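K.L.:
the sequence and its predicted three-dimensional model are supplied below.
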Amino acid sequence: MKTCSKALLGCLILSSFVGAAQSFPEMARHGGELLYHTGRPISDKYLADANVIHNYHHYHLDKPVDGYEWVHGEENDYLLVAVKTHIVRRIEYRLNIPKASDG
């Protein structure tokens, strides 16, 4: 029984490392419609001041590199976007995080 428990614990630990090593999604679809894709510009509707995220820590997002900002996508999507070109660099998904006041 102890061997089974150790093996199960080992599998759980290994699976947590494998899950952490996954890459970010390259595109996001909602309702069957492709909304955004890394390497391509996003629609102006996501660039409105109300969608820009200043409190990125609240959403468990990394600090954006110079020239980029986080914006809210659809539902639980967060997009790292180039300020000048509006090209998506990264798409992240966060579940059940209430919208913060980003003022």
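P.N.:
Structure received. Residues are numbered from 1 along each chain as shown.
K.L.:
quick one, phi psi at His58?
P.N.:
Comment: the main-chain dihedrals of His58 come out as phi -60, psi -30, following degrees, to the nearest 10.
K.L.:
measure the closest residue to it other than its chain neighbours to His72 for me?
P.N.:
Of all residues beyond its chain neighbours, the one nearest His58 is Ala100 (4.2 Å), with distances taken as C-beta to C-beta, 6 or more residues apart in numbering. Any C-beta I mention is one placed from the backbone N, CA and C, and that applies to glycine too. Using C-beta to C-beta, to the nearest Å, one obtains 10 Å as the distance from Ala100 to His72.
K.L.:
more neighbours, these two?
P.N.:
It is His72, of Ala100 and His72, that has more neighbours when counted by other C-beta atoms under 10 Å, with 18 against 13.
K.L.:
contacting residues for that one?
P.N.:
By C-beta atoms under 8 Å, 6 or more residues apart in numbering, the contact list for His72 reads 46, 51, 53, 78-79, 99.
K.L.:
just give the nearest non-adjacent residue to Asn96, would you?
P.N.:
On the basis of C-beta to C-beta, 6+ apart, the spatially nearest residue to Asn96 that is not a chain neighbour turns out to be Asn76, at 7.8 Å.
K.L.:
go ahead and confirm the one you found touches Leu95.
P.N.:
Yes - between Asn76 and Leu95 there is a contact at 5.6 Å, judged by C-beta atoms under 8 Å.
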